[in-house]
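Enquirer: Provided below for reference: sequence and predicted model.
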4 protein chains.
Amino acid sequence: MTTERVEIAILGASGYTGAELLRLLASHPRVHIGALTAERQAGRTPGEVFPHLASLSLPRLVRIEEIDPARFDGIFCCLPHGLTQAVIRELPEGPRIVDLSADFRLRDPALYEAVYGRPHVATALQEIAVYGLTELYREAVRGTRLVANPGCYTTAAELPLAPLLKAGLVDPDRIVIDAKSGVSGAGRDAKLGSLYAEVAEGLHAYGVAMHRHAPEIDQCLADFAGRPVTVSFTPHLAPMNRGILATIYVDLAPGAEAPDLHAELRRAYADEPFVEVLPFRGIPATRHVRGTNLCRIGVHPDRRPGRAILVSVLDNLVKGASGQAVQNMNVMLGLPETEGLAAVPLFP
Amino acid sequence: MTTERVEIAILGASGYTGAELLRLLASHPRVHIGALTAERQAGRTPGEVFPHLASLSLPRLVRIEEIDPARFDGIFCCLPHGLTQAVIRELPEGPRIVDLSADFRLRDPALYEAVYGRPHVATALQEIAVYGLTELYREAVRGTRLVANPGCYTTAAELPLAPLLKAGLVDPDRIVIDAKSGVSGAGRDAKLGSLYAEVAEGLHAYGVAMHRHAPEIDQCLADFAGRPVTVSFTPHLAPMNRGILATIYVDLAPGAEAPDLHAELRRAYADEPFVEVLPFRGIPATRHVRGTNLCRIGVHPDRRPGRAILVSVLDNLVKGASGQAVQNMNVMLGLPETEGLAAVPLFP
Amino acid sequence: MTTERVEIAILGASGYTGAELLRLLASHPRVHIGALTAERQAGRTPGEVFPHLASLSLPRLVRIEEIDPARFDGIFCCLPHGLTQAVIRELPEGPRIVDLSADFRLRDPALYEAVYGRPHVATALQEIAVYGLTELYREAVRGTRLVANPGCYTTAAELPLAPLLKAGLVDPDRIVIDAKSGVSGAGRDAKLGSLYAEVAEGLHAYGVAMHRHAPEIDQCLADFAGRPVTVSFTPHLAPMNRGILATIYVDLAPGAEAPDLHAELRRAYADEPFVEVLPFRGIPATRHVRGTNLCRIGVHPDRRPGRAILVSVLDNLVKGASGQAVQNMNVMLGLPETEGLAAVPLFP
Amino acid sequence: MTTERVEIAILGASGYTGAELLRLLASHPRVHIGALTAERQAGRTPGEVFPHLASLSLPRLVRIEEIDPARFDGIFCCLPHGLTQAVIRELPEGPRIVDLSADFRLRDPALYEAVYGRPHVATALQEIAVYGLTELYREAVRGTRLVANPGCYTTAAELPLAPLLKAGLVDPDRIVIDAKSGVSGAGRDAKLGSLYAEVAEGLHAYGVAMHRHAPEIDQCLADFAGRPVTVSFTPHLAPMNRGILATIYVDLAPGAEAPDLHAELRRAYADEPFVEVLPFRGIPATRHVRGTNLCRIGVHPDRRPGRAILVSVLDNLVKGASGQAVQNMNVMLGLPETEGLAAVPLFP
C-alpha cells in the first residue's frame, strides 16, 4: 500500500453515478481526481452540472479524447451501455478500470447478444472482466484490470442468496425476487417515465419477467449453486430518490430451517464492513442505509413450512453503483477497502 | 329499487375511511347522511376534523349513544378492531350494516382467537356475516344484514387469484403475494411509524409472514380452490398516501399457460364495472386508479416456464375500504351498484 | 339554457391540462366530447397516452387539420404558448373558445412583445379576448367568444387581492406575492428540471423577479385598483404534484385593519361557489382543495402594525387551469356554472 | 488546540437533532461520545431507537441523573423547550454547553415570558448565554460557557440580513421573510400534523405572524441594525424531510442597488467555510445542501425599483440545528471549526 495519492479519471461524469463517485471520492484521503469527461457537458464545471458539488475543487469536464488515459492509476467508466465496450477496448493496459455499465457483466457473448440485441464488440475483454460484487469475488477483483461493477438490483439479490446457495440451504429452482427501486436508478436522462408527476404518489412494476438484470443474477447465483439457476424477478419503481429493497422468497433445502439461513449469513459476512445481517426476524429499511455502502439483510421464516423470506436493502447509487465501484477500485489498487466509504446513513 | 333517499349513519367517522365514505357519498344521489359518530371528536363538525370536507353539508359528530340506530336504512361501521364486535352486537336488526373493521372477516371463532389473541364476543353474528368482496360474493351480500368489508391487501390479492383457483389454473400450494401499500392504510392515529420523516424517501417490509391479512386471504382463496390454501404474504410500506400494489407469483397447473390465466380473468370480470383486466402483459399502476373504486390487473408469463406473475392495483381507501363498502351497501339496499362510485382517477 | 348536450373539442389534449379537462368533463352532464387533437400523439387513444383515462369512452386523438372546428359549440385550446395565437386566428367565428395558454392574457401588444420576446400575430383577437378569472370578469366572459384563461399563480394572487384593491383597503404599491407550486404546473414535457430526482425532497425559487405571470397579475390588479400596479412576485417549485399556495404581504390603507380585509373578502365572495374565505386567521392548505375548483383564502394580521398577510390555495390543474376553463365555458354557453365541477377534495 | 479527544455528552439524544449530532460527531476525529441521555428511552441502545445508527459504537442511553456532568468537556443539550433551563441551571461550571432548545435565545426575561407564557427560571444564565449564530457572534461564542444555538428559520433569515443591516444597505422597517421548512423541524413526536398522510403532497402556512422564531430574528437583526427591528415572518410546512428556504423581500436604502447587497454579502462571508454567496441572481436549492452545514444565499433585484429579493437555503437539521451546534462546540473548545462538518451534500 502506498501513502501517495492515486490518480483517478471518471469517464461520463455528468450522470448520477458520476456525481455520486465525486461525492464519495471527496472524502477519500488517497485519491486525486485528475480528469472528468462528459460529451455534451464538456467545458462546464462539475458545479454547473451538479450544483451540490459546487464547493468541491474539481477539474472541468472535457471530452474523452482530451485526456491521456495512460497517466491514471484508475479509471471509473460511467458511460452508457453499449458505447462502453468500444471505449474500454481502446484504453491502454496500465490503469485499473471499474466499469459501471452492464457491458462486461455477462461473460457469455451469446447470452450478451441475446439480452442486449447486438453482438459484443470487445469479447476478449469480456473474458478477462471480473464481476465486481466485492464480497463474493474479492480475490478475482484484486487480480484483474477490468471490473464489471454489478447492477443495483443484482447486488441486493446476490448478497443474501449466494452464501445460502453455496451452503446448499435453499432450492436453486424456486427463487422469487421481488425488488423495488428508487427513481435515481433510471439515471438523469429527461424521460417521461422519470418525471416527478409520473412517479410521485404511485407504484408500478416494469420489465416484468424481462428485465436485463435477471440473467446477471442467474449467472452470479449459478457460480455459487454450482449449477444453472433461473430466478423469477420483478422490479418496481417506488416514489423515492434512493434505495433498493429486495424481498426474496426461497424454498428451504430438506432439513434446513430459517434460523440456519440466518446463521449461515451471519457467518459468511461476519468480517464484512458493508454487509449487516440483522438479528433473526429483523426488518431492514432503505432509509437506514441512505448515502452509505451498506447492505442490510433480514431473515424470516415464512408462514408456510419449508419456506423462508429474505429482505435486503441498499442505496442503489452507493452499494448499488458508485460505492461498490470505489470499493472495487480500493481493492484493485491495494488501498484500504473502506476508504471513502465511511459515511453514516443520512436519516431522515 | 326506490327513488327515495336512504338514511345512512357512519359510526367512527373521524378516521380516513370515515372521511372517504363522506367524500364518496357526497356524490351519491340516493343517500342522505343522517348521523356521524366519533368518541373523542364528538361535538365537532366534520369540517373541523377534516378541513377538506368543510364545504359539505353534514351533521355534527356525536357520541354513539346519542343516535337511534333503528332509524337508519344502512350503517357503516368504521370503529377499531375488537371494539367493533361489541358495538354491532347491540345494534337493532333493521339496518343493513357494512363493517370496515376486521372483526367479522374470519368465520372460524377459533381462528379469530388465534389471530387476534382474544375470543370473539359476537360469535352468533360472526356466523351470519358475509365477506364483502362484492365481485366474488355478490349474492350473499345481497341477502345479508351484516357485511364484513374486506381489507385492502386482501382485495388486491383475491380479485386476481379467486377466478384462477376456481378454474384450476394455478397451484394453490405455491402462491407468493408481495404487496406494497400507501401510508393511509395505517390510519390517522398519531404513531411514530406513520410520521412523514419516518416514511418518506424509504421503503420497508413489515409484519413479514405474520400479517393479520394472511389468514383472511387463505379463507377467501380456499372458498374458490375448494381446499385449504396457505399463501406467502409480505406487506411493505411505500412512501405514498394511497394505493396498494400486489405482485403475485403463481405456479401454473399442468397444461396451463399465462395467456389462459389472462383469458380466464377477462371472462370472469367481463361485466364488472370495477375490475379492469389489462391487455396481456399490461402494466397497472396505483396512480392510475387513485380516488376510484377500480382494481386493475395485469397478467405476465414468468421467465421461468410453468409460472406466471399477476399484478393488481387499487386505491386502498376506495376499493380497499370505503368504496367497496359503498358498493356493498348499494347491493344490500337494492341501489344501483355503481352509485357514488363513478369518479375518474385523479392523476397526477 | 339548453337541455341538449353541447359539442366540445379539445385542441392539444395530450398534456396535463388536457387530461384534466377530460377528467372534469367526464362528470359534466351536458357536454359531449367530439374531438381531441394532439400532434405527436395523433392516432393513439386517450387511454394510451393517459392510462388513468382508459375506461372513459373518448374519441381517438387526431391532428388538428383532421377536425372541422365549425361543428363545435365550444373549443378548449391547450396548445403551447406562441403557437396558440396562430391556431386560434384561423378558427371560425361560431364556437366559443377558452384558451389555456398565455397568448391572449396580456391586452397590450407592446407589453406582450416585451414579455414574450416576439410580436403577437393576432392582435385583433387580443383586443376582444376576455381575461377569464370568472369571479372577477363574469359578465365579460358571458359576452365574448374568446376567453384567455388565467394562469395558476395569477388566479391564486388575484382572487384575494382584487376585491381589496377595489375597496381601497390595501396599498397597491407595496404588494409582495410569495407563491409555491406543485410540479404538474411545469407540464408533461420531459425536462431535466421536472425529473423526480431533481424535484423530490427539496425546494427552490425560480424566475425570481422575472416570471411571466407577474405582468399578468399587474394588469388584472390595475383593473381593480384603478391605477397601475407592480407587484413583487416570486414563484417556487415544491415537491408535490398539485397545488398552488400564495402568501401575500400587504400594507393596509390608512384606517384599515386586517378584520376589514376579511369582512370585505367575505362580502365579495359570499355567493361564489368556488371561493371560500376561511374564518379570520384561518389556515388554508393545498391538500384540502386537491382535485377541485376551489380557492380557499385566509386573512391574518401581521405582527407589524399596518400590515396583513393573505394566504390563498388552489389546485393548479383545476381552478388554476382546466377547472376554471370549464367554469368559463359553462358561463359562455349558458350552462350552470358549477356543472362538471362538483368534486369533493381528495384527501389524503 | 489539543490533539487529545474531548469528552462529550448529549442530553436528550433520542430526537432528530440528537441523532444528527451522533451522525456528525461520528466523523469528528477529536470527539469521544461519553454519555447519551433520554428519559423514556433509557436502557436502549442508540441503534434500537435509530436503526440507521446501529453500526456505530456508542454508549447506551441512560437517564440524566445517571451521568456525572462534571466529567465532560462539552455537553449538547437537546431537551424540550422549557424543561431545558431547569436542567442547565443544575449543571456544573466546567463543561461548555451548547443548548439546542429555545430557552436561552431571548436575552430579555420579560420578552421570554411574553413569548413563552411563563417566567424564565434561570435568568442568571440567560444573561451569560451567547446566541450561537457562529459566523455573526464567533468571538462571543469562543468566550462563553453557554451557547444558545439558533433556530433553523432564524439562521436562514439572519445570515443574509445581518451584514446588510450592519452596512446600512436595507431598510430595517420593511423586511418580509417568507420561510418554508421540511418536516423534520417538527421533531420526532407522534403528532397528527406530522403524519405522512397529513403532510405529503401539500403545503400550508402555520403560526402566521405568531411564530416564536420571529422575536428571535428581531433580536439578532437589531444587534446589527443598531436599532429595534420587527420583521414580517411566515413559516410554511413543505413535504420534504430536510431543508429550509427563506425568501426575503427588502427595501433598499437610498442609493443602494441589488448588486451592492451581493457585493457586501460576498465580502462579509469571503472567508466563511459554511456560507456560500452564489453569483448574482443565483438560485439556491435546499436539496443542494442536504446533509451539510452549508448555507447558500442568492441575491436578486426585484422587478419593483428600490427593492431586492434574497433567497437562502440550509439543512434545518445541520446548519439549522446540530451542525451549527458542533460548529459552536468546536469554537468553544478550541478545535478546528470545520471538524465533523466536511460532508458533501447528498443529492439526489
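Expert: Perfect, I can see it now. Residues are numbered from 1 along each chain as shown, chains lettered A, B, ... in the order given.

Enquirer: tell me which parts of the stretch 201-348 of chain A are close to chain D?
Expert: Counting by CB under 8 Å from any CB of the partner chain, the positions of the stretch 201-348 of chain A adjacent to chain D are A:201, A:241-242, A:276, A:285, A:287-291, A:294, A:342-348. Using the backbone N, CA and C atoms, a C-beta is placed for each residue, glycine as well.

Enquirer: how about the closest residue to A:Leu341 other than its chain neighbours, what does it touch?
Expert: The spatially closest residue to A:Leu341, leaving aside those adjacent along the chain, is A:Asn293, at 4.4 Å (CB to CB, 6 or more residues apart in numbering or on different chains). Contacts for A:Asn293 (CB atoms under 8 Å, 6 or more residues apart in numbering or on different chains) come out as A:Phe274, A:Asp315, A:Val318, A:Lys319, A:Gly323, A:Gln324, A:Val326, A:Gln327, A:Leu341, A:Ala343.

Enquirer: Next, give phi and psi for the second one.
Expert: Here is the backbone geometry of A:Asp315 (degrees, to the nearest 10): phi -90, psi 120.

Enquirer: tell me the secondary structure for the nearest residue to A:Phe347 once chain neighbours are set aside?
Expert: Distances taken as CB to CB, 6+ apart put D:His52 closest to A:Phe347, at 4.1 Å, once the chain neighbours are dropped. Under DSSP: H, G, I helix; E, B strand; the rest coil, D:His52 falls in the helix class.

Enquirer: gap between D:His52 and chain C?
Expert: Using CB to the nearest CB, to the nearest Å, D:His52 is found at 16 Å from chain C.

Enquirer: How about the residues of chain A by chain C?
Expert: Near chain C, when you scan chain A using CB under 8 Å from any CB, you find A:16, A:183-184, A:188, A:190-192, A:194-201, A:239-241.

Enquirer: try 7 Å this time
Expert: Contacts of chain A with chain C, taken as CB under 7 Å from any CB of the partner chain, map to A:16, A:183-184, A:190-192, A:194-197, A:199-201, A:241.

Enquirer: returning to that earlier point: now for the contacts of A:Asn293: which two are most distant?
Expert: Greatest spatial distance among the contacts of A:Asn293 (CB to CB): A:Gln324 and A:Ala343, at 14.1 Å.

Enquirer: Just want to know which of those two has more residues nearby.
Expert: More crowded of A:Gln324 and A:Ala343, by other CB atoms under 10 Å in any protein chain shown: A:Gln324, with 27 against 24.

Enquirer: Let me see the backbone angles for that one.
Expert: Dihedral angles (degrees, to the nearest 10) for A:Gln324: phi -60, psi -30.

Enquirer: For the residues of the stretch 201-348 of chain A next to chain D, which PyMOL command selects only the ones that are buried?
Expert: Buried residues among those (16 or more other CB atoms under 10 Å in any protein chain shown), as a PyMOL selection:
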select buried, chain A and resi 201+241+242+276+285+287+288+289+290+291+294+343+344+345+346+347+348
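
Enquirer: which SS state does A:Leu346 fall under?
Expert: Taking three-state DSSP, the label given to A:Leu346 is coil.

Enquirer: And for A:Leu161?
Expert: Following three-state DSSP, the label given to A:Leu161 is helix.

Enquirer: Identify the residues contacting A:Pro345.
Expert: By CB atoms under 7 Å, 6 or more residues apart in numbering or on different chains, A:Pro345 lies in contact with A:His288, A:Val289, A:Arg290, A:Gly291, A:Thr292, D:His52.

Enquirer: export the residues you listed to a markdown table and tack on pLDDT and secondary structure?
Expert: Formatted as a markdown table, these follow (pLDDT from 0 to 100; DSSP: H, G, I helix; E, B strand; the rest coil):
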| residue | pLDDT | secondary structure |
| --- | --- | --- |
| A:His288 | 98 | helix |
| A:Val289 | 98 | helix |
| A:Arg290 | 98 | coil |
| A:Gly291 | 98 | coil |
| A:Thr292 | 98 | coil |
| D:His52 | 97 | helix |
